[in-house]
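S.K.: give me a model of this one.
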Amino acid sequence: KQYLVDASRKNETSRIKFMNAKRAEVRQKIVKDLGIKAGSKRSELVQKFGEGEITLKELKSLAPDSWMLIKKGSDYFRSQYDELLDRWNAIRQQYGYEPIPKRKDYFRHFIALDNATSIMGTIKNAEDLPTSIAGMTGIFKPNQPFSNAALARTGKKTTYDAVAGFDNYIDSISKQIYHTDTVQRGRGIVKAIRDKAEIDESKANLPNFVSNLDEWTNLVAGKKSAIDRSAESLLGRKIFAFSNAVKNRVSANMIGYNLGSALTAGIPLTQSLATTAKIPAVKGLLGTLVSATKKGGLTNIDGVESSFLTRRFPTESFSRDAIDKVVRAGYAPMKAIDMFSSRSIVSGKYYENIAKGMNKADAMKAADEFAGKVITDRSAGQMPNIFKAQTPGAVTHFMAEVNNQLSFVLKDMPKQFNGNPAKIAW
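M.R.: Modelled structure (predicted):
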(Lines give C-alpha, C1' and ligand atoms only; values in the text may rest on other atoms or scores of the structure.)
Protein backbone atom coordinates (compact mmCIF):
# COMPACT_ATOMS: atom_id res chain seq x y z
CA LYS A 1 0.00 0.00 0.00
CA GLN A 2 2.71 2.48 0.94
CA TYR A 3 4.76 1.71 -2.17
CA LEU A 4 1.95 2.12 -4.70
CA VAL A 5 -1.35 3.42 -3.30
CA ASP A 6 0.13 6.08 -1.00
CA ALA A 7 2.69 7.04 -3.66
CA SER A 8 0.03 7.46 -6.35
CA ARG A 9 -2.04 9.68 -4.04
CA LYS A 10 1.02 11.76 -3.18
CA ASN A 11 1.90 12.13 -6.87
CA GLU A 12 -1.62 13.22 -7.79
CA THR A 13 -1.75 15.68 -4.89
CA SER A 14 1.54 17.20 -6.11
CA ARG A 15 0.14 17.39 -9.65
CA ILE A 16 -2.98 19.24 -8.48
CA LYS A 17 -0.86 21.67 -6.43
CA PHE A 18 1.30 22.33 -9.49
CA MET A 19 -1.74 23.07 -11.66
CA ASN A 20 -3.35 25.22 -8.96
CA ALA A 21 -0.17 27.29 -8.65
CA LYS A 22 0.15 27.80 -12.41
CA ARG A 23 -3.50 28.74 -12.80
CA ALA A 24 -3.25 31.20 -9.92
CA GLU A 25 -0.18 32.76 -11.54
CA VAL A 26 -1.90 33.11 -14.91
CA ARG A 27 -5.00 34.61 -13.29
CA GLN A 28 -2.87 37.23 -11.56
CA LYS A 29 -0.24 38.06 -14.18
CA ILE A 30 -2.29 37.61 -17.35
CA VAL A 31 -6.00 37.89 -16.59
CA LYS A 32 -5.92 40.56 -13.85
CA ASP A 33 -2.73 42.51 -14.53
CA LEU A 34 -2.92 42.51 -18.34
CA GLY A 35 -6.66 42.05 -18.88
CA ILE A 36 -6.18 39.04 -21.18
CA LYS A 37 -8.97 36.51 -20.68
CA ALA A 38 -9.50 33.05 -22.13
CA GLY A 39 -11.55 33.18 -25.32
CA SER A 40 -10.86 36.90 -25.86
CA LYS A 41 -9.44 38.69 -28.89
CA ARG A 42 -6.39 39.63 -26.84
CA SER A 43 -5.72 35.99 -25.98
CA GLU A 44 -5.96 35.15 -29.67
CA LEU A 45 -3.48 37.89 -30.58
CA VAL A 46 -1.07 36.79 -27.84
CA GLN A 47 -0.78 33.39 -29.48
CA LYS A 48 -0.63 34.66 -33.06
CA PHE A 49 2.11 37.12 -32.18
CA GLY A 50 3.96 34.58 -30.06
CA GLU A 51 3.96 32.04 -32.87
CA GLY A 52 5.11 34.62 -35.42
CA GLU A 53 1.82 34.52 -37.32
CA ILE A 54 1.71 38.31 -37.14
CA THR A 55 4.54 40.85 -36.87
CA LEU A 56 4.91 43.56 -34.24
CA LYS A 57 3.84 46.12 -36.82
CA GLU A 58 0.69 44.14 -37.59
CA LEU A 59 0.01 43.71 -33.87
CA LYS A 60 0.19 47.47 -33.32
CA SER A 61 -2.27 47.94 -36.15
CA LEU A 62 -4.69 45.28 -34.84
CA ALA A 63 -4.50 46.40 -31.18
CA PRO A 64 -3.25 50.01 -31.07
CA ASP A 65 -4.34 50.51 -27.46
CA SER A 66 -3.27 47.17 -26.00
CA TRP A 67 -0.37 45.88 -28.10
CA MET A 68 2.13 46.35 -25.25
CA LEU A 69 -0.04 44.26 -22.91
CA ILE A 70 -0.36 41.57 -25.57
CA LYS A 71 3.40 41.52 -26.13
CA LYS A 72 3.98 41.16 -22.38
CA GLY A 73 1.53 38.27 -22.32
CA SER A 74 3.31 36.60 -25.22
CA ASP A 75 6.69 36.97 -23.52
CA TYR A 76 5.28 35.46 -20.32
CA PHE A 77 3.90 32.37 -22.05
CA ARG A 78 7.06 31.88 -24.08
CA SER A 79 9.18 31.85 -20.93
CA GLN A 80 6.71 29.49 -19.25
CA TYR A 81 6.75 26.99 -22.12
CA ASP A 82 10.57 26.93 -22.09
CA GLU A 83 10.72 26.57 -18.31
CA LEU A 84 8.14 23.78 -18.18
CA LEU A 85 9.75 21.90 -21.07
CA ASP A 86 13.06 21.84 -19.16
CA ARG A 87 11.26 20.49 -16.11
CA TRP A 88 9.40 17.90 -18.18
CA ASN A 89 12.56 16.74 -19.94
CA ALA A 90 14.36 16.33 -16.61
CA ILE A 91 11.71 13.78 -15.59
CA ARG A 92 11.81 12.03 -18.97
CA GLN A 93 15.59 11.67 -18.84
CA GLN A 94 15.40 10.42 -15.25
CA TYR A 95 13.45 7.42 -16.55
CA GLY A 96 15.51 6.91 -19.70
CA TYR A 97 13.33 8.73 -22.27
CA GLU A 98 14.64 11.04 -24.96
CA PRO A 99 14.13 14.75 -24.23
CA ILE A 100 11.56 16.62 -26.29
CA PRO A 101 13.28 19.23 -28.48
CA LYS A 102 12.41 22.88 -28.04
CA ARG A 103 10.28 24.25 -30.83
CA LYS A 104 10.75 27.81 -31.96
CA ASP A 105 7.85 30.10 -31.04
CA TYR A 106 5.93 27.21 -29.49
CA PHE A 107 2.40 27.69 -28.22
CA ARG A 108 -0.01 24.88 -27.40
CA HIS A 109 -2.28 23.81 -30.27
CA PHE A 110 -5.71 22.46 -29.39
CA ILE A 111 -9.25 22.50 -30.73
CA ALA A 112 -11.87 24.02 -28.44
CA LEU A 113 -15.45 22.84 -28.91
CA ASP A 114 -18.15 25.00 -27.39
CA ASN A 115 -21.07 23.54 -25.46
CA ALA A 116 -23.47 23.91 -28.36
CA THR A 117 -21.40 21.82 -30.78
CA SER A 118 -19.41 19.56 -28.46
CA ILE A 119 -21.40 16.36 -29.05
CA MET A 120 -21.52 16.31 -32.85
CA GLY A 121 -18.18 18.06 -33.17
CA THR A 122 -16.40 15.52 -31.01
CA ILE A 123 -17.89 12.57 -32.86
CA LYS A 124 -17.27 14.09 -36.28
CA ASN A 125 -13.61 14.84 -35.52
CA ALA A 126 -12.87 11.45 -33.98
CA GLU A 127 -10.38 9.51 -36.08
CA ASP A 128 -9.58 5.83 -36.31
CA LEU A 129 -6.06 4.61 -35.64
CA PRO A 130 -3.60 4.36 -38.52
CA THR A 131 -3.84 1.03 -40.35
CA SER A 132 -0.25 0.16 -39.41
CA ILE A 133 -1.13 -0.11 -35.70
CA ALA A 134 -4.88 -0.80 -35.80
CA GLY A 135 -5.73 -3.84 -33.67
CA MET A 136 -2.26 -3.89 -32.07
CA THR A 137 -2.62 -1.34 -29.28
CA GLY A 138 -3.84 -3.97 -26.85
CA ILE A 139 -0.33 -5.40 -26.54
CA PHE A 140 1.35 -2.03 -25.85
CA LYS A 141 2.41 -1.51 -22.24
CA PRO A 142 3.31 2.18 -21.79
CA ASN A 143 5.70 2.93 -18.94
CA GLN A 144 4.67 6.57 -18.67
CA PRO A 145 1.40 8.52 -19.03
CA PHE A 146 0.57 9.61 -22.56
CA SER A 147 0.83 13.30 -23.44
CA ASN A 148 -0.01 14.50 -26.94
CA ALA A 149 2.17 17.54 -26.24
CA ALA A 150 5.12 15.20 -26.88
CA LEU A 151 3.99 14.45 -30.44
CA ALA A 152 5.50 16.19 -33.45
CA ARG A 153 3.20 18.89 -34.82
CA THR A 154 2.01 18.14 -38.36
CA GLY A 155 -0.26 21.11 -39.10
CA LYS A 156 -1.42 24.57 -38.04
CA LYS A 157 -5.08 23.90 -37.35
CA THR A 158 -5.80 25.19 -33.84
CA THR A 159 -7.95 27.40 -31.66
CA TYR A 160 -5.93 30.57 -31.15
CA ASP A 161 -6.33 31.14 -27.43
CA ALA A 162 -3.10 31.52 -25.44
CA VAL A 163 -4.74 31.38 -22.00
CA ALA A 164 -6.89 28.30 -22.60
CA GLY A 165 -4.10 26.64 -24.58
CA PHE A 166 -1.64 27.00 -21.71
CA ASP A 167 -4.20 25.56 -19.31
CA ASN A 168 -4.62 22.59 -21.65
CA TYR A 169 -0.83 22.21 -21.82
CA ILE A 170 -0.19 22.05 -18.07
CA ASP A 171 -2.94 19.46 -17.65
CA SER A 172 -1.34 17.27 -20.32
CA ILE A 173 2.33 17.44 -19.32
CA SER A 174 1.68 17.29 -15.56
CA LYS A 175 0.51 13.70 -15.93
CA GLN A 176 3.93 12.69 -17.26
CA ILE A 177 5.80 14.85 -14.77
CA TYR A 178 4.04 13.44 -11.72
CA HIS A 179 2.69 10.03 -12.72
CA THR A 180 5.58 8.45 -14.61
CA ASP A 181 6.69 7.39 -11.15
CA THR A 182 3.24 5.87 -10.46
CA VAL A 183 3.23 3.88 -13.70
CA GLN A 184 6.77 2.64 -13.14
CA ARG A 185 5.82 1.41 -9.66
CA GLY A 186 2.80 -0.45 -10.99
CA ARG A 187 4.81 -2.11 -13.75
CA GLY A 188 7.51 -3.06 -11.25
CA ILE A 189 5.07 -4.85 -8.94
CA VAL A 190 3.46 -6.75 -11.81
CA LYS A 191 6.85 -7.84 -13.14
CA ALA A 192 8.08 -8.92 -9.70
CA ILE A 193 5.00 -11.11 -9.09
CA ARG A 194 5.18 -12.67 -12.55
CA ASP A 195 8.90 -13.35 -12.20
CA LYS A 196 8.22 -14.99 -8.83
CA ALA A 197 5.40 -17.08 -10.32
CA GLU A 198 7.67 -18.36 -13.09
CA ILE A 199 10.00 -19.76 -10.44
CA ASP A 200 7.31 -21.12 -8.13
CA GLU A 201 3.61 -20.58 -8.95
CA SER A 202 2.54 -21.64 -5.46
CA LYS A 203 4.38 -18.66 -3.91
CA ALA A 204 2.84 -16.08 -6.22
CA ASN A 205 -0.57 -17.46 -7.19
CA LEU A 206 -2.26 -14.08 -7.73
CA PRO A 207 -3.72 -14.16 -11.26
CA ASN A 208 -6.69 -11.84 -10.60
CA PHE A 209 -4.61 -9.37 -8.62
CA VAL A 210 -1.94 -9.15 -11.31
CA SER A 211 -4.53 -8.79 -14.07
CA ASN A 212 -6.32 -5.96 -12.24
CA LEU A 213 -3.09 -4.22 -11.27
CA ASP A 214 -1.86 -4.39 -14.86
CA GLU A 215 -5.14 -2.85 -16.03
CA TRP A 216 -4.97 -0.17 -13.31
CA THR A 217 -1.45 0.76 -14.43
CA ASN A 218 -2.60 0.94 -18.04
CA LEU A 219 -5.40 3.34 -17.05
CA VAL A 220 -3.05 5.61 -15.08
CA ALA A 221 -0.83 5.66 -18.17
CA GLY A 222 -3.78 6.87 -20.24
CA LYS A 223 -4.37 3.61 -22.08
CA LYS A 224 -7.90 2.55 -23.00
CA SER A 225 -9.51 -0.05 -20.75
CA ALA A 226 -9.99 -3.65 -21.83
CA ILE A 227 -13.73 -2.98 -22.18
CA ASP A 228 -13.07 0.00 -24.42
CA ARG A 229 -10.63 -1.91 -26.61
CA SER A 230 -13.25 -4.60 -27.15
CA ALA A 231 -15.79 -1.94 -28.13
CA GLU A 232 -13.24 -0.35 -30.45
CA SER A 233 -12.63 -3.64 -32.26
CA LEU A 234 -16.37 -3.91 -32.95
CA LEU A 235 -17.39 -0.31 -33.57
CA GLY A 236 -14.25 1.74 -34.21
CA ARG A 237 -12.82 4.64 -32.20
CA LYS A 238 -15.80 6.91 -32.80
CA ILE A 239 -17.56 4.93 -30.07
CA PHE A 240 -15.32 6.68 -27.50
CA ALA A 241 -16.31 10.14 -28.68
CA PHE A 242 -19.97 9.15 -28.78
CA SER A 243 -19.88 7.54 -25.31
CA ASN A 244 -18.12 10.53 -23.74
CA ALA A 245 -20.53 12.96 -25.37
CA VAL A 246 -23.57 11.03 -24.11
CA LYS A 247 -22.05 10.70 -20.62
CA ASN A 248 -21.36 14.43 -20.42
CA ARG A 249 -24.85 15.29 -21.62
CA VAL A 250 -26.49 12.85 -19.19
CA SER A 251 -24.38 14.24 -16.33
CA ALA A 252 -25.29 17.82 -17.22
CA ASN A 253 -29.00 16.99 -17.39
CA MET A 254 -28.96 15.14 -14.07
CA ILE A 255 -26.86 17.64 -12.08
CA GLY A 256 -27.12 21.05 -13.71
CA TYR A 257 -29.63 23.31 -11.92
CA ASN A 258 -31.03 20.27 -10.10
CA LEU A 259 -31.33 20.98 -6.38
CA GLY A 260 -32.59 17.47 -5.63
CA SER A 261 -29.50 15.97 -7.21
CA ALA A 262 -27.28 18.47 -5.38
CA LEU A 263 -28.68 17.41 -2.01
CA THR A 264 -27.41 13.86 -2.55
CA ALA A 265 -23.89 15.23 -2.08
CA GLY A 266 -24.74 15.43 1.61
CA ILE A 267 -25.40 11.68 2.00
CA PRO A 268 -21.76 10.80 2.85
CA LEU A 269 -21.87 13.34 5.68
CA THR A 270 -24.71 11.44 7.38
CA GLN A 271 -22.69 8.22 7.12
CA SER A 272 -19.66 9.96 8.57
CA LEU A 273 -21.64 11.32 11.53
CA ALA A 274 -22.68 7.76 12.34
CA THR A 275 -19.05 6.65 12.65
CA THR A 276 -17.36 9.72 14.15
CA ALA A 277 -17.36 10.77 17.80
CA LYS A 278 -19.95 13.48 18.30
CA ILE A 279 -17.80 16.26 19.81
CA PRO A 280 -15.08 16.07 17.09
CA ALA A 281 -17.82 15.83 14.44
CA VAL A 282 -19.49 19.02 15.70
CA LYS A 283 -16.11 20.75 15.89
CA GLY A 284 -15.48 19.76 12.28
CA LEU A 285 -18.86 21.09 11.19
CA LEU A 286 -18.35 24.42 12.94
CA GLY A 287 -14.83 24.73 11.57
CA THR A 288 -16.12 24.16 8.06
CA LEU A 289 -18.75 26.89 8.46
CA VAL A 290 -16.05 29.52 9.14
CA SER A 291 -13.42 28.06 6.78
CA ALA A 292 -14.75 30.07 3.83
CA THR A 293 -13.49 33.25 5.48
CA LYS A 294 -9.92 31.96 5.70
CA LYS A 295 -7.31 31.76 2.95
CA GLY A 296 -6.76 28.13 2.03
CA GLY A 297 -9.55 27.26 4.44
CA LEU A 298 -11.02 24.51 2.28
CA THR A 299 -7.99 22.22 2.36
CA ASN A 300 -6.25 23.44 5.52
CA ILE A 301 -7.47 22.08 8.86
CA ASP A 302 -5.74 23.03 12.11
CA GLY A 303 -2.65 24.08 10.14
CA VAL A 304 -2.44 20.73 8.31
CA GLU A 305 -3.25 20.31 4.62
CA SER A 306 -5.65 17.57 3.56
CA SER A 307 -4.37 15.73 0.49
CA PHE A 308 -7.82 14.28 -0.14
CA LEU A 309 -9.46 17.71 -0.26
CA THR A 310 -6.63 19.06 -2.43
CA ARG A 311 -7.23 16.30 -4.98
CA ARG A 312 -11.00 16.58 -4.80
CA PHE A 313 -11.23 20.33 -5.36
CA PRO A 314 -8.60 21.51 -7.84
CA THR A 315 -8.75 25.05 -9.20
CA GLU A 316 -11.15 25.24 -12.14
CA SER A 317 -9.89 25.69 -15.68
CA PHE A 318 -10.52 29.00 -17.44
CA SER A 319 -13.98 29.70 -18.89
CA ARG A 320 -13.85 30.58 -22.57
CA ASP A 321 -17.36 31.97 -23.10
CA ALA A 322 -20.63 33.01 -21.46
CA ILE A 323 -22.31 29.66 -22.14
CA ASP A 324 -19.55 27.85 -20.27
CA LYS A 325 -20.07 30.15 -17.29
CA VAL A 326 -23.81 29.45 -17.31
CA VAL A 327 -23.17 25.71 -17.43
CA ARG A 328 -20.73 25.92 -14.50
CA ALA A 329 -23.24 27.94 -12.50
CA GLY A 330 -25.64 25.00 -12.80
CA TYR A 331 -23.16 22.78 -10.96
CA ALA A 332 -22.55 25.33 -8.19
CA PRO A 333 -25.19 24.03 -5.70
CA MET A 334 -23.84 20.47 -5.81
CA LYS A 335 -20.26 21.70 -5.59
CA ALA A 336 -21.06 23.87 -2.55
CA ILE A 337 -22.76 21.00 -0.70
CA ASP A 338 -19.97 18.62 -1.70
CA MET A 339 -17.34 21.04 -0.38
CA PHE A 340 -19.16 21.43 2.93
CA SER A 341 -19.73 17.69 3.35
CA SER A 342 -16.21 16.69 2.33
CA ARG A 343 -14.44 19.17 4.58
CA SER A 344 -16.73 18.38 7.50
CA ILE A 345 -16.03 14.66 7.12
CA VAL A 346 -12.26 15.10 6.97
CA SER A 347 -12.08 17.64 9.79
CA GLY A 348 -14.40 15.66 12.07
CA LYS A 349 -12.35 12.51 11.72
CA TYR A 350 -9.11 14.50 12.05
CA TYR A 351 -10.19 15.96 15.41
CA GLU A 352 -11.32 12.51 16.53
CA ASN A 353 -7.88 11.12 15.72
CA ILE A 354 -6.20 13.99 17.57
CA ALA A 355 -8.35 13.19 20.62
CA LYS A 356 -7.09 9.62 20.43
CA GLY A 357 -3.50 10.88 20.79
CA MET A 358 -2.33 10.77 17.17
CA ASN A 359 0.07 13.45 15.91
CA LYS A 360 -1.23 15.95 13.38
CA ALA A 361 0.32 14.34 10.28
CA ASP A 362 -0.91 10.84 11.11
CA ALA A 363 -4.31 12.14 12.17
CA MET A 364 -4.77 13.89 8.81
CA LYS A 365 -3.53 10.89 6.83
CA ALA A 366 -6.03 8.63 8.60
CA ALA A 367 -8.80 11.21 8.11
CA ASP A 368 -8.03 11.41 4.38
CA GLU A 369 -8.17 7.64 4.07
CA PHE A 370 -11.48 7.57 5.93
CA ALA A 371 -12.90 10.25 3.64
CA GLY A 372 -11.83 8.25 0.60
CA LYS A 373 -13.99 5.36 1.83
CA VAL A 374 -17.03 7.49 2.61
CA ILE A 375 -16.77 9.80 -0.41
CA THR A 376 -15.82 8.70 -3.90
CA ASP A 377 -12.25 9.79 -4.68
CA ARG A 378 -12.33 10.45 -8.43
CA SER A 379 -8.71 11.58 -8.70
CA ALA A 380 -6.17 9.73 -10.85
CA GLY A 381 -5.68 6.10 -9.85
CA GLN A 382 -8.31 6.07 -7.10
CA MET A 383 -11.35 4.71 -8.97
CA PRO A 384 -12.11 1.00 -9.51
CA ASN A 385 -11.09 -0.04 -13.02
CA ILE A 386 -14.65 -0.63 -14.24
CA PHE A 387 -15.59 3.00 -13.59
CA LYS A 388 -12.74 4.28 -15.77
CA ALA A 389 -14.07 2.58 -18.90
CA GLN A 390 -15.41 5.15 -21.38
CA THR A 391 -17.87 3.02 -23.35
CA PRO A 392 -20.35 2.30 -20.51
CA GLY A 393 -19.69 5.72 -18.94
CA ALA A 394 -23.24 7.04 -19.33
CA VAL A 395 -24.45 4.14 -17.16
CA THR A 396 -21.55 3.74 -14.70
CA HIS A 397 -20.68 7.42 -14.18
CA PHE A 398 -22.67 7.75 -10.93
CA MET A 399 -22.47 4.13 -9.84
CA ALA A 400 -19.12 4.75 -8.14
CA GLU A 401 -20.87 6.72 -5.39
CA VAL A 402 -23.47 3.99 -4.92
CA ASN A 403 -20.72 1.36 -4.78
CA ASN A 404 -18.85 3.43 -2.21
CA GLN A 405 -21.89 3.89 0.00
CA LEU A 406 -22.82 0.20 -0.04
CA SER A 407 -19.23 -0.82 0.63
CA PHE A 408 -19.03 1.57 3.56
CA VAL A 409 -22.30 0.36 5.12
CA LEU A 410 -21.79 -3.34 4.48
CA LYS A 411 -18.03 -3.63 5.03
CA ASP A 412 -16.39 -0.64 6.70
CA MET A 413 -18.97 0.02 9.41
CA PRO A 414 -19.21 -3.63 10.57
CA LYS A 415 -15.41 -3.78 10.64
CA GLN A 416 -15.15 -0.57 12.67
CA PHE A 417 -17.66 -1.80 15.27
CA ASN A 418 -16.50 -5.43 15.26
CA GLY A 419 -19.83 -6.59 13.83
CA ASN A 420 -21.81 -5.31 16.84
CA PRO A 421 -25.37 -4.78 15.49
CA ALA A 422 -26.33 -2.33 18.26
CA LYS A 423 -23.33 -0.06 17.67
CA ILE A 424 -23.82 -0.20 13.89
CA ALA A 425 -27.51 0.74 14.24
CA TRP A 426 -26.71 3.55 16.71
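S.K.: could you use CA atoms for every contact and neighbour count after this?
M.R.: OK.
S.K.: just the strands in the chain please.
M.R.: Ranges of strands in the chain, per DSSP state E, are 300-301, 304-305.
S.K.: what comes into contact with the first one?
M.R.: Spelled out, that is strand 300-301. 306, 347 (CA atoms under 8 Å, 6 or more residues apart in numbering).
S.K.: flag the shaky bits of this structure, pLDDT-wise.
M.R.: Scanning the chain for pLDDT under 70 picks out the ranges 113-139, 417, 419-426.
S.K.: got the phi/psi numbers for the spatially most central residue of it?
M.R.: Most central in the chain under CA atoms, centre = their mean is S379, positioned 5.2 Å from the mean C-alpha point. Phi and psi for S379, reported as degrees, to the nearest 10, are phi -70, psi 170.
S.K.: do you know how far it is from E401?
M.R.: Per CA to CA, to the nearest Å, S379 is found 14 Å from E401.
S.K.: which neighbours do the two have in common?
M.R.: Any residue near both S379 and E401 by CA under 8 Å, 6+ apart counts here, and not one turns up.
S.K.: would you mark the buried spots in the lengthiest helix in the chain?
M.R.: What stands out as the longest helix in the chain, according to DSSP state H, is helix 162-199. Neighbour counts over helix 162-199 (16 or more other CA atoms under 10 Å) mark 162-187, 189-190, 193-194, 197 as buried.
S.K.: mind listing the helices for the stretch 151-300 of the chain?
M.R.: Assigned by DSSP state H, counting those that start in this stretch, the stretch 151-300 of the chain shows helices spanning 162-199, 207-220, 226-235, 238-255, 259-263, 267-273, 278-291.
S.K.: who are the packing partners of the fifth one?
M.R.: Contact analysis of helix 259-263 by 3 or more CA pairs under 8 Å, 6 or more residues apart in numbering; DSSP states H and E lists helix 238-255, helix 322-355 as its packing neighbours.
S.K.: centre of the chain to the shortest one, how far?
M.R.: Distance of helix 238-255 from its chain centroid, counting by CA atoms, centre = their mean, to the nearest Å, is 18 Å.
S.K.: what's the angle between it and helix 322-355?
M.R.: Angular relation of helix 238-255 and helix 322-355 on a 0 to 180 degree scale: 70 degrees, by axes from the mean of the first three to the mean of the last three CA atoms, to 10 degrees.
S.K.: tell me what angle helix 238-255 forms with helix 226-235.
M.R.: In terms of direction (the same axes, to 10 degrees), helix 238-255 departs from helix 226-235 by 120 degrees.
S.K.: separation between K29 and A367?
M.R.: If you go by CA to CA, the gap between K29 and A367 works out to 36 Å.
S.K.: same thing with W216?
M.R.: 25 Å.
S.K.: ok, A226 next?
M.R.: Look at A226 and A367: by CA to CA, they are 33 Å apart.
S.K.: between those two, who's got more neighbours?
M.R.: Using other CA atoms under 10 Å, the more surrounded residue of A226 and A367 is A367, with 23 against 16.
S.K.: correct me if wrong: the more buried one contacts K349.
M.R.: Yes - using CA atoms under 8 Å, A367 is in contact with K349, at 5.2 Å.
S.K.: check contacts around the residue nearest to G186 when sequence neighbours are not counted.
M.R.: Ranked by CA to CA, 6 or more residues apart in numbering and with sequence neighbours excluded, the top spatial neighbour of G186 is T217, at 5.6 Å. T217 makes contact with 182-183, 186-187, according to CA under 8 Å, 6+ apart.
S.K.: got the residues you listed as TSV, with distance to Q47 columns?
M.R.: Putting these into TSV (distance: CA to CA, whole Å) gives the following:
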residue	distance to Q47
T182	34
V183	34
G186	39
R187	39
